[in-house]
Structures are given as C-alpha cells and as structure tokens.
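Q: Okay, here's the prediction I keep looking at, along with the sequence it came from:
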Amino acid sequence: MDAVDALSEIAFWLERDLAPTFKVQAFRRAASLISDLDPAELADRVHDGRLRAMKGIGGRTAEVIGQSLYGLPDYLDNLRRRGAEPLAPGGGEVLALLRGDLHTHSDWSDGTTSINLMITAARLLGREYLTLTDHSPSLTVAHGLTADRLEEQLDLVASLNAGGTAGGTAGDTAGAGFRLLSGIEVDILENGELDQDPALMDRLDVVVASVHSKLRADSLSMTRRMLAGIREAHTNVLGHCTGRLVTGSRGTRPPSSFDAARVFAACAENAVAVEINSRPERQDPPDDLIALALAAGCLFSIDSDAHAPGHLDFLAYGAERAAANGVPAERIVNTWPVEKLLDWSRASR
C-alpha cells in the first residue's frame with residue numbers, strides 16, 4: 001500500500017473519532033515528510049534504519065510505513081474495522097440524499113489542513129460539492145479572512161474548479177463531477193451587520209452567518225442582532241443558532257437566549273436555511289427548536305462544520321437528527337443539485 005495514503009487515511013479515521021490533534025498531526029506530518037521520496041528510497045530507509053532517524057517520524061508512524069511496503073498496515077486495518085459501522089445508527093436515508101456540505105473550514109482560518117485535503121476527503125465520501133466557509137475578520141482567534149485574503153481565496157477556488165492546483169500539489173483539483181463552492185462563515189456583529197465587504201460577499205456562492213461573541217446577551221438584544229443578520233441580503237444559512245456546547249474538550253455552554261419564533265419566521269420569510277450543525281459537541285439547534293423551525297416553514301442545511309477532513313463524516317449525526325425530527329428531504333437545501341442550490345443562494349443578491 002502507498003505509505004502516504006496509509007498515513008493520510010489513518011489521520012482521517014482519527015479525526016473522525018475526535019482523537020487529540022497532536023496524534024492526528026503526527027501522521028499528517030509523517031506523510032508530508034515522505035511524500036517526495038520515491039518507493040525505492042523509502043524502502044531503503046525502512047530497511048537500513050534511516051527512516052526512524054528522520055525528525056518527525058515516530059515509532060508508530062515508522063511501523064505503518066514499514067508495513068505498507070508489504071500490504072495493509074495493522075494499525076490502519078484496525079481503524080477501518082472500527083469505522084465500518086456508520087457514526088449514527090439512524091438517518092441513513094437522509095444521509096444518502098445529501099449531495100454536499102455548506103459549512104467547512106481549512107487552514108486559511110482555524111481548520112487544521114489544506115483546502116486540497118478537504119477536497120480529497122469530500123470526494124472520497126461521495127460529495128458532489130463542498131463549500132469553503134472560513135471565518136471573517138473579527139474572529140481574530142480563528143485567523144479570520146480579511147477582505148484581501150478572501151479575495152485571494154476566491155481566485156484559488158476558481159482555479160481549482162478550472163483544473164488548477166493549490167500550491168502545486170498533485171491531486172488537489174476539484175475535478176470532474178465535483179464542485180468547490182466559495183463561501184464564508186461571517187460573523188453577525190453586535191449591531192446586526194455582517195463582518196465582510198458586501199462587494200466580496202456578492203461574489204460568494206454561499207454565506208453562513210453566525211454569532212460567535214457576547215453569547216450571553218439578553219434575549220431582546222440577541223433577537224435584534226440575529227434578525228438583522230438574517231434579513232441581510234447576502235445571508236443564506238443561519239449557523240449554529242444557539243451557540244451551545246453540550247460536550248467536548250471546550251466544556252459545556254448553555255444556549256443563547258432569543259425569541260426563536262421571530263427568528264425562524266424571519267428565516268422562512270427571507271429563505272434563509274436553519275443549520276442543523278452536525279458537530280457532536282454542538283448538536284445545534286436542540287430538538288425543540290428544530291420543531292419550531294419546521295413549523296415556521298424554514299429550509300434547513302445539514303452541515304458538518306468540519307475543521308479537518310475526518311470531520312466531514314459528521315454529516316451522519318445531523319442526518320440522524322433531521323430524520324428523528326421529521327424534516328422533509330425537499331426542505332434540506334444540500335440535498336439539492338448544485339445548480340438548484342446556487343439559484344437559491346444567489347436569488348436575493
């Protein structure tokens with residue numbers, strides 16, 4: 001087996017299992033270190049001990065590389081067996097209908113890997129499109145994109161869809177049958193404005209608008225803020241609307257307080273999809289709010305909010321929750337073909 005492929009796949013499975021980042025990065029770093037070695041040179045280094053002497057190659061990664069010379073490494077075989085079962089026991093029919101993902105991050109903001117690795121994973125998972133939604137400028141802790149950086153990223157997305165490469169890396173073109181969509185996860189600022197140049201947002205395929213600050217504001221203030229963001233013509237998706245955290249390394253956080261009936265009525269009126277955020281630590285919105293949004297006539301988007309390739313498979317969690325709450329597939333925008341999706345997302349601009 002190709003050693004780089006083995007190391008990269010191991011990283012995917014570990015990310016999917018929410019393994020510690022340092023463990024995942026050890027395998028990605030090892031893959032990068034050996035990527036330029038031809039097979040004969042790699043085999044020589046394995047056999048004469050020089051591989052283990054390379055900085056960044058540890059015991060486990062050296063074992064995987066060595067075993068890959070002769071077949072499937074044991075460590076990868078075990079991960080594949082563990083990953084054979086779906087992440088969520090329910091929602092399989094909904095998951096099978098999902099054509100793409102409208103909320104993902106790369107290392108341009110706070111994601112852990114390059115755009116090309118996200119594309120590769122999305123294609124392997126059978127996605128038809130993937131929307132790149134790195135953060136906006138005010139979220140400095142996440143290295144949000146300034147207008148200049150967003151413009152640079154827009155050019156790169158266009159190049160990838162035209163068959164180009166990112167940084168000259170082979171295999172990172174979008175390719176036939178797959179589309180990389182341009183987008184942003186833009187902050188809804190305290191005054192309700194969106195945190196990016198409107199002229200640049202005009203050029204984006206999808207805009208996910210989210211609240212990331214002052215999450216404990218009073219209900220009236222938060223409702224006004226969210227309503228303004230929803231009514232902004234560029235907004236397509238209301239991201240993780242309550243901001244809650246129910247588990248995970250960041251601890252827990254209660255949901256924000258807002259008038260859900262007014263917020264979801266505004267989403268329905270403005271054709272803004274309510275995101276069912278699939279991250280295990282978010283599970284946002286909670287079931288009672290999904291029911292309210294459903295009754296209000298809202299559209300929905302089941303998104304991974306992936307910050308690494310392995311996270312793209314989290315769509316299974318969101319699909320399970322959508323199915324359990326009776327969300328019709330035709331109201332889930334990322335079950336739509338890409339051209340129908342883009343007709344919707346650009347309609348108000």
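A: Perfect, I can see it now.

Q: can you give me how far the top strand by length along the chain is from the chain middle?
A: Secondary structure of the chain per DSSP state E: the longest strand is strand 179-187. Relative to its chain's centre, strand 179-187 lies at 10 Å (C-alpha atoms, centre = their mean, to the nearest Å).

Q: Repeat that for stretch 248-260.
A: Computed by C-alpha atoms, centre = their mean, the chain-centroid distance of stretch 248-260 equals 20 Å.

Q: Run through who's touching it.
A: Contact with stretch 248-260 is made by 18, 211, 215-219, 222-223, 226, 241-246, 280-281, 284-286, 289, 292-293, as judged by C-beta atoms under 8 Å, 6 or more residues apart in numbering. For glycine as for every other residue, the C-beta is placed from the backbone atoms N, C-alpha and C.

Q: now do stretch 63-82
A: Looking at what lies outside stretch 63-82 - C-beta under 8 Å, 6+ apart - the contacts are 1-3, 6-7, 9-10, 13-14, 17, 27, 30, 34, 42-43, 46, 51, 57, 60.

Q: Residue 12 against residue 306, yeah?
A: No. Proximity of residue 12 to residue 306 does not meet the contact threshold set by C-beta atoms under 8 Å, at 11.2 Å.

Q: just the helices in the stretch 1-150 of the chain please.
A: Taking DSSP state H, counting those that start in this stretch as the criterion, the stretch 1-150 of the chain carries its helices at 3-16, 21-34, 39-48, 50-53, 59-68, 74-82, 92-97, 115-124, 147-161.

Q: quick check: angle from the last one to strand 179-187?
A: The reference is to helix 147-161. Counting by axes from the mean of the first three to the mean of the last three C-alpha atoms, to 10 degrees, helix 147-161 points 160 degrees away from the direction of strand 179-187.

Q: now stretch 297-307: how far from the chain's centre is it?
A: Computed by C-alpha atoms, centre = their mean, the chain-centroid distance of stretch 297-307 equals 10 Å.

Q: Over to stretch 49-64?
A: Averaging C-alpha positions (C-alpha atoms, centre = their mean) puts stretch 49-64 31 Å from its chain's average.

Q: Only the buried residues of that stretch, if you could.
A: The neighbour-count check on stretch 49-64 (16 or more other C-beta atoms under 10 Å) flags 51-52, 57, 61-62, 64 as buried.

Q: And the furthest pair within the residues you listed?
A: Within these, two members stand farthest from each other by C-beta to C-beta: 52 and 64, at 12.2 Å.

Q: returning to that earlier point: only the buried subset of the contacts of stretch 63-82, as a ChimeraX command please.
A: With 16+ other C-beta under 10 Å as the criterion, this ChimeraX line picks the buried residues out of the contacts of stretch 63-82:
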select :3,6,7,9,10,13,14,27,30,34,42,43,46,51,57
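
Q: Alpha carbons of the helix or strand containing residue 262, as PDB, please.
A: In this assignment (DSSP states H and E), residue 262 forms part of helix 260-269. What follows is helix 260-269, C-alpha atoms only, in PDB (Å, rounded to 0.1, in the frame of the first residue of the first chain):
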ATOM      1  CA  ALA A 260     -37.000  31.700  18.400                       C
ATOM      2  CA  ALA A 261     -40.400  32.200  16.900                       C
ATOM      3  CA  ARG A 262     -39.400  35.600  15.500                       C
ATOM      4  CA  VAL A 263     -36.000  34.400  14.400                       C
ATOM      5  CA  PHE A 264     -37.400  31.400  12.500                       C
ATOM      6  CA  ALA A 265     -40.200  33.400  11.000                       C
ATOM      7  CA  ALA A 266     -37.600  35.700   9.600                       C
ATOM      8  CA  CYS A 267     -35.600  32.800   8.200                       C
ATOM      9  CA  ALA A 268     -38.700  31.400   6.500                       C
ATOM     10  CA  GLU A 269     -39.600  34.900   5.100                       C
END
